[in-house]
Structure formats: structure tokens, C-alpha cells
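Trainee: For reference, the sequence and a predicted model appear below.
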Amino acid sequence: MRKYIFPLVLSILLFLSVNAYSDTITLNQALESKMINLSITGADKSENTSSYTPSYTGLCIQMSITNMTGKNIKVFLEAGRFLQPDDSTVQRMIVTKNQMISLEKKTSKKTKVYAMCSEMMNHSPDTNTLFSLGKKADGKLLELAQLISKNNFQDNAAQCAIWAMTDNDNVYNICSDNYEETKILRKFVKEAKGPVNTNVDNNAAFRLDEEATGTYVKYGKGMLSGSFEFMLKQNTSLSLTLYNDKGEIAHKCVQNYMFRSGKNTLTYKFTYNHFPIGNYHLKMFDDKGNTLLDKILTFK
């Protein structure tokens, strides 16, 4: 008879453990029903565990949640939920990882959240940025967030896939050290966006036809090079500048060079020496200050 006692006790403990958090509800439902208090801010960049510690990809959001009820609950945060900043110049974030959060009665908990930027031209959040819980994305953007969560693609390639959907960023910016990840994300975005209408930009003042440059750049010392093929409707003076994540100039590649109307190729090459790890923006401007392209480079 004794040999059955331990399995019986174990079964009881497991039952009690499962039922200790008997109520499961989405974070949004818990907030609307006033079961919880919620505070959302940007996370401390230095505590981000992703490979290149950005402030807008990876574990870049912190939530402080207080269970206001007299019972233990679980709240579910869904991939695809928007986080709306209180400052309109800061990037709106989108949750990219499903997360179940257990909350004991009348207690508070802080938890980091995986999220990515959905407005690439706005500023990165920091610990002073306050967010509110927004609506869920819909359509293909929601599917992409769920795909990222399912495969745990919490990196720059997935961020570029988000931007390809939200900001029409170039699908070839989606590039990972993991070939399968690159293939999966590019395939999804291409199918989601459908065939490209090549006639749309025929009358544009600037039209990018082709680009060749890496997305990931190894940290240390090396040579960074690439080229852009593009069409101009009229003679235009162009500049190409590399900016760090704070918007500071890291390198001036081309400055106020006059390109003729028609088909052009801009080629750049420069030596870099221990640029800080992180995301950089390679931006092309015309002489009126218009941004013609914005290419993401990641030093890691």
C-alpha cells in the first residue's frame, strides 16, 4: 500500500499547483475589468539580453502589474498587441512574444516584454517613455507577430520584417545569420504584400532600383561598402550619411554630390574601427533634406 502513497501525494500537489491560478484572462481584459493596475515603460537598454542590445527590439519593454483581486490569476499577453507611447515622436511598439504572467493576490510583479518598433522613423523609447496598452494588430501584421513569437525570431531580421509591413521597408533588409529565418521571413512578407507594381514609382523624383550592401556588420575593424542603383527625374545633389541609434552622425559617406537625371549608381566604401554595437541607419538625402532611403545596418 505504501508504494501508492507517493504518486497520490504527487497528484494532489500537481492538482493544487494547477488550480492555484485558476483564473486565466488576457491582459487587456484584466485591465478593462479593473482586476489589475498596469504601468508600461521602455526597459533599461543595458539589461536587454538580445545580441546587440537595441532599445526597440528584444526585451525592450517593462511592465509593472498589480493584482487588485483577492485571488491568484494568470494574465495572457498576446503577440500582436500594440503599445502606444504617450509621446507621438516615439515609436509605437508591437508585442512579438506570447507571454503568460502569473500574479498572486494583492501583489505586484515587474516583467520584461519582447516587442519591436512599428514606426521606424520615430525615436526609440527609453525608461522615461510611458506606454498604454493598445489594440491588437490585424491581418498580415498580426500573423507576422505570431510567426515571430512561434519561431522566437527576436532579432533585427524580424524587426526589418515588421518595418517591411508597417513602413514599406525593403524586403532585402530582412537578413539574419540564420538562413532559414531569413528565408521564412522574406517569404512571408513577399506573400503578404503581394506582387510589386513596378509602374507606381515610374514618375517619382527618385526610384530605387537595386541595392547591394550587408545588413549585419561584424564588430571590430573592417571595410563597409555597398552600392545603390536608382533613377532620378532631374539633376539632384545627394548625400549619404551613417547615423547611430541616437541619430548622431557616425560617418559621412557622400556629401552633396550632383547626380544627373536618369539611371545612376552610388557606390560607397569606408573603414570603420570599433563602432559601438547596435543598429545604424544609412540614409540618403536630397539637397532639400528629403530622406530618399533609410537602410538598417547592425554592428554585432
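Mentor: Received it, and whenever you're ready, just let me know what you need. All values derive from a computational prediction rather than experimental measurement. Residues are numbered from 1 along each chain as shown.
Trainee: okay, and for the stretch 1-150 of the chain, where does confidence drop off?
Mentor: Within the stretch 1-150 of the chain, the ranges that satisfy pLDDT under 70 run 1-23, 48-54.
Trainee: At which residues are the strands of it located?
Mentor: 23-26, 36-42, 57-67, 73-77, 81-85, 93-95, 99-103, 108-117, 130-136 (DSSP state E, counting those that start in this stretch).
Trainee: So which of the ones you listed is the most surrounded?
Mentor: strand 93-95 (a mean of 27; mean count of other C-beta atoms under 10 Å). Every residue, glycine included, has its C-beta placed from N, CA and C.
Trainee: Which neighbouring elements make contact with it?
Mentor: Helices and strands touching strand 93-95, by 3 or more C-beta pairs under 8 Å, 6 or more residues apart in numbering; DSSP states H and E, are strand 57-67, strand 81-85, strand 108-117, helix 139-151.
Trainee: one more time with 7 Å
Mentor: Judged by 3 or more C-beta pairs under 7 Å, 6 or more residues apart in numbering; DSSP states H and E, strand 93-95 is in contact with strand 81-85, strand 108-117.
Trainee: sorry, back to before: kindly present the strands of the stretch 1-150 of the chain as TSV, with separate columns for distance to D177.
Mentor: What follows is these, written out as TSV (distance: least, C-beta to C-beta, whole Å):
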stretch	distance to D177
strand 23-26	34
strand 36-42	26
strand 57-67	15
strand 73-77	28
strand 81-85	28
strand 93-95	23
strand 99-103	25
strand 108-117	18
strand 130-136	30
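Trainee: Select, out of these, the one closest to L224.
Mentor: strand 57-67 (21.2 Å; C-beta to C-beta).
Trainee: relative orientation of that closest one and strand 130-136 in degrees?
Mentor: With axes from the mean of the first three to the mean of the last three C-alpha atoms, to 10 degrees as the basis, strand 57-67 and strand 130-136 are set at 100 degrees to each other.
Trainee: who does strand 57-67 touch, helix- and strand-wise?
Mentor: Packed next to strand 57-67, using 3+ C-beta pairs under 7 Å, 6+ apart, are strand 36-42, strand 99-103, strand 108-117.
Trainee: make it 8 Å
Mentor: Using 3+ C-beta pairs under 8 Å, 6+ apart, strand 57-67 sits against strand 36-42, strand 73-77, strand 93-95, strand 99-103, strand 108-117, helix 156-166.
Trainee: how about a markdown table for these, with distance to T182 added?
Mentor: Below are the helices and strands packed on strand 57-67 laid out as a markdown table (distance: least, C-beta to C-beta, whole Å):
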| stretch | distance to T182 |
| --- | --- |
| strand 36-42 | 28 |
| strand 73-77 | 27 |
| strand 93-95 | 20 |
| strand 99-103 | 25 |
| strand 108-117 | 17 |
| helix 156-166 | 6 |
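Trainee: Any chance of a markdown table for the helices and strands packed on strand 93-95, columns distance to T236?
Mentor: What follows is those, written out as a markdown table (distance: least, C-beta to C-beta, whole Å):
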| stretch | distance to T236 |
| --- | --- |
| strand 81-85 | 35 |
| strand 108-117 | 29 |
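Trainee: what about the strands of the stretch 1-150 of the chain, which gets the closest to M231?
Mentor: For M231, the closest of the strands of the stretch 1-150 of the chain is strand 108-117, at 29.4 Å, according to C-beta to C-beta.
Trainee: Mind giving me the packing neighbours of the closest one?
Mentor: Applying 3+ C-beta pairs under 8 Å, 6+ apart, one finds that strand 108-117 makes contact with strand 57-67, strand 93-95, strand 99-103, helix 156-166.
Trainee: go with 6 Å
Mentor: strand 57-67, strand 93-95 (3 or more C-beta pairs under 6 Å, 6 or more residues apart in numbering; DSSP states H and E).
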